[in-house]
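Undergrad: Sharing a model prediction with you, sequence too.
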Amino acid sequence: MGFSGLLGQVPFLDSLQGALRFVTARLVLEMLVMYIVFKVVYILYFSPYSKIPGPKYKKLLPFWADLSLMRGQYSRQQRRWHQQYGPVVQTGKSTVIILDPQALKTIYSSHRFPKHHMFYQSLRLFAENLFTTCDPTFYHKRLKLIAPMYSPSSVKRLEPLVYRACQRQLLDSLKERLAANDSAGPPAITVNMVQEFQRVTFSIIQELCFGGEEMMQTTGIGQDQIQTWIGLWMKSTGIKLFFPDFIMSEPPFLRKYFDGERQLFSYMRRIVNRRLELIAEHEKQPENAGKPFVHDILQALIDARDPDTKQPLSMVEVCAELGVQLNAGFETTSGATVLVVYALLLYPQVYETVMAELDREFPDRSKPIVHSSDYDKLTYLEATVYEALRYYPLGPMAPPRMVPKGGTTLCGYYLPEGTDVGTSIYTWSHSPTIFENPERFDPGRYLGPDAEKNRNNMITFMVGVRQCIGRRLAWAEMLIILANFLRAYSFTSAEPNLADKKSTDFPVSSFEDQQLLVTITPRS
């Protein structure tokens, strides 16, 4: 038996070894507790963020560690924090929201404050694209390709297309369903306006993106299936934002959400390949020499060449841009149009005034309202759309930007470089420092002496260098759809508790149950 074996036989030494293990474990635990206490004290009282107001617990946690965010109520929570702490609030370990007009211009008016990489990566569809890129050079290259499709002259050219989609997908569709309803009494049907408006805006954006229904039919895939894939992709963006590392493994119980993105890519690829076949057939005809095949977003992407390498976009790049335009073009516009109808149901006096204006300006209902020269006469309807977008902003949370190198000072508070900073659109739109009586739904604020100021204060489509490029088309769509729909049909709520409908923030303002039920009747 060796010496160490003999020592192990001594009870005293056995006890000593046990005591040492206990002391060591206790020492490690105490050091860990001391480190945590030191870290908490440093963060709360000595870090660069220590002087910034905000809930103490939020200074210790990432911004997404909040139940209100996961419930789709984060914009309301941001507003409560501003009411409690003031214009500058820390809402995460390195996240700050600011409610101040000058700060808004500073943050969003240039590329100095870049987009937050992690946030926009979670929204990425297939590959880097115009919407998700954080690279100003990349952004300007893609903007040159796509922006002409949304110019004022292009939108003017698209107005008849918007009306045709409205007539085919909404007005005529409702007329057919009303005629088929053989129930006793005046003709009436109950419909979900979320679905009704989605059909219209999807029809418009698919025409703008890749030539409309004929191209879509070549794939054998219907609109409902495409919208299902888009819905799954949208849900996956939230999962990727909250759990970016965990998602890399794509656990089986979440796979269906990522399959939606893959199916959407496969569909886009079929669309692109079919267009390439049609282009080849077009170019074989001698009379087509030098003539473009069509003018739409897909064709612009196929014809595009990188100014540096002179190379065309890859299949993945074309599909990424096409997918983003398709998604953004129908989801946000239809959502905004639904919220206008929701406001008209909640505020009958506003509804009556809108209808009186329509009947006064366009007494002959056989003549459609198609062009800006028509709907520009509907000043009260336009004001109602403005007010609905203010009261129910589409992207209510703060679009995050990052403080550049060297840090910056905003509203008297120093923010270190890398800080996530932004302005909550919902809080801005409901702030008494920005809008008078913000809790009152009042379209008149866009018609009186402060009309121009109130319009300029609208940030629903964001401001600065990265504002929505499709805002003109979205505006034309909303006014053409609403004007013609309201003129043709009356509607009342079929919701049991209209005023209590629960809304959700992500990815755009919508209803939790994804429906707004109304009973439609033809106007006499």
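TA: Great, that's in hand. Numbers count the residues shown, from 1 in each chain.

Undergrad: ok, which stretches of this protein are strands?
TA: Secondary structure of the chain by DSSP state E: the strands cover 88-92, 95-98, 189-192, 401-402, 408-410, 413-415, 420-422, 489-493, 503-504, 510-511, 517-522.

Undergrad: Between those, which one is closest to Thr379.
TA: Thr379 lies closest to strand 489-493 among the strands of the chain, at 22.0 Å (C-beta to C-beta). Heads up, the C-betas are built off the backbone N, CA and C, glycines and all.

Undergrad: so where's the protein uncertain?
TA: Applying pLDDT under 70 to the chain flags the ranges 1-23, 64-65, 70, 212-217, 242-249, 396, 398, 502, 505-510, 512.

Undergrad: and the gap between Glu277 and Ile271?
TA: Per C-beta to C-beta, to the nearest Å, Glu277 is found 11 Å from Ile271.

Undergrad: quick revisit: redo the strands of the chain as TSV? Include distance to Arg255.
TA: What follows is those, written out as TSV (distance: least, C-beta to C-beta, whole Å):
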stretch	distance to Arg255
strand 88-92	29
strand 95-98	30
strand 189-192	29
strand 401-402	32
strand 408-410	42
strand 413-415	39
strand 420-422	30
strand 489-493	39
strand 503-504	24
strand 510-511	25
strand 517-522	33
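
Undergrad: mind checking how far the closest residue to Thr427 other than its chain neighbours is from Phe293?
TA: Spatial nearest neighbour of Thr427, excluding adjacent residues (C-beta to C-beta, 6 or more residues apart in numbering): Arg79 at 4.3 Å. Distance check for Arg79 against Phe293: by C-beta to C-beta, it reads 50 Å.

Undergrad: Could you do Val162 as well?
TA: Taking C-beta to C-beta as the measure, Val162 falls 23 Å from Phe293.

Undergrad: Distance check, Thr95 against Gly444.
TA: 37 Å.

Undergrad: My guess is the residue nearest to Thr427 contacts Ile425. True?
TA: No - Arg79 lies out of contact with Ile425 (C-beta atoms under 8 Å); the separation is 10.6 Å.

Undergrad: what's the neighbour count on Lys405?
TA: 8 (other C-beta atoms under 10 Å).

Undergrad: show me the contacts for it.
TA: Contacts for Lys405 (C-beta atoms under 8 Å, 6 or more residues apart in numbering) come out as Glu417.

Undergrad: For Arg79 and Ile425, work out which one has more neighbours and name it.
TA: The neighbour count for Arg79 versus Ile425, taken as other C-beta under 10 Å, is higher for Ile425 (25 against 20).

Undergrad: need the contact list for the more buried one.
TA: So Ile425 contacts Ser75, Pro393, Gly395, Pro396, Met397, Ala398, Pro399, Ile459, Thr460, Met462 (C-beta under 8 Å, 6+ apart).

Undergrad: Okay, and which of the residues you listed map to helices?
TA: Using DSSP state H, the members of those that fall in helices are Ser75.

Undergrad: Check the contacts of Ile425 against Lys240 and report the nearest one.
TA: Closest to Lys240, out of all of the contacts of Ile425 and judged by C-beta to C-beta, is Met397, at 15.9 Å.

Undergrad: Okay, and the beta partners of Met402?
TA: With DSSP bridges as the criterion, Met402 is bridged to Asp420.

Undergrad: about what we covered before: out of Thr95 and Gly444, which sits in the more crowded spot?
TA: Taking neighbours as other C-beta under 10 Å, Thr95 and Gly444 compare with Thr95 leading, 23 against 16.

Undergrad: Residues touching stretch 447-459, excluding its own?
TA: Looking at stretch 447-459 with C-beta under 8 Å, 6+ apart, the contacting residues turn out to be 104, 379-380, 383, 386, 389-390, 393, 423, 425, 428-429, 434-436, 445-446.

Undergrad: of these, buried ones?
TA: The neighbour-count test (16 or more other C-beta atoms under 10 Å) marks 104, 380, 383, 386, 389-390, 393, 423, 425, 428-429, 434-435, 445-446 as buried among those.

Undergrad: and Arg194, how many neighbours does it have?
TA: In this structure residue 194 is Val, not Arg. For Val194, the tally of surrounding residues (other C-beta under 10 Å) stands at 19.

Undergrad: Tell me how this protein divides into domains.
TA: For the chain, automatic domain parsing gives the domain ranges 3-45, 56-522.

Undergrad: Quick one: end-to-end length of the last one, please.
TA: Just to be clear, that refers to domain 56-522. 56 Å (C-alpha to C-alpha, to the nearest Å).

Undergrad: just how off-centre is that domain within its chain?
TA: Counting by C-alpha atoms, centre = their mean, to the nearest Å, domain 56-522 is centred 6 Å from the centre of its parent chain.

Undergrad: Tell me how far Val341 lies from Gln169.
TA: Per C-beta to C-beta, Val341 is found 16 Å from Gln169.

Undergrad: ok, residues contacting stretch 184-201?
TA: Stretch 184-201 is contacted by residues 165-166, 169-170, 173-174, 177-179, 181, 223, 227, 329-331, 333-335, 337-338, 341, 477, 481, 494, 510-511, 514-522 when judged by C-beta under 8 Å, 6+ apart.

Undergrad: Buried only: go through those residues for me.
TA: 165-166, 169-170, 174, 178, 223, 227, 329-331, 333-335, 337-338, 341, 477, 481, 494, 510-511, 515-516, 518, 520.

Undergrad: any chance you could map the helices in the stretch 251-400 of the chain?
TA: Along the stretch 251-400 of the chain, the segments classed as helices by DSSP state H, counting those that start in this stretch run 255-284, 297-303, 315-346, 348-361, 372-375, 379-391.

Undergrad: With distance to Val40 added, can I get the ones you listed in CSV?
TA: Output for the helices of the stretch 251-400 of the chain, formatted as CSV (distance: least, C-beta to C-beta, whole Å):
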stretch, distance to Val40
helix 255-284, 36
helix 297-303, 51
helix 315-346, 41
helix 348-361, 51
helix 372-375, 58
helix 379-391, 40
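
Undergrad: In contact with Gly444, which residues?
TA: Ala383.

Undergrad: Same check on Trp229?
TA: Shown in contact with Trp229 (C-beta under 8 Å, 6+ apart): Gly260, Glu261, Gln263, Leu264, Tyr267.

Undergrad: I'd like to know how far the nearest residue to Ile230 once chain neighbours are set aside sits from Arg305.
TA: Spatial nearest neighbour of Ile230, excluding adjacent residues (C-beta to C-beta, 6+ apart): Asn327 at 5.3 Å. Remark: distance between Asn327 and Arg305 (C-beta to C-beta) = 26 Å.

Undergrad: who has more neighbours, these two?
TA: Taking other C-beta under 10 Å, Asn327 and Arg305 do not tie; Asn327 has more neighbours (24 against 11).

Undergrad: Distance-wise, check the more buried one relative to Glu277.
TA: Asn327 is 25 Å from Glu277, by C-beta to C-beta.

Undergrad: What of Ala127?
TA: Counting by C-beta to C-beta - Ala127 and Glu277 are separated by 23 Å.

Undergrad: for Tyr85, same thing?
TA: Tyr85 sits 59 Å away from Glu277, going by C-beta to C-beta.

Undergrad: same thing with Asp66?
TA: Asp66 is 50 Å from Glu277, by C-beta to C-beta.
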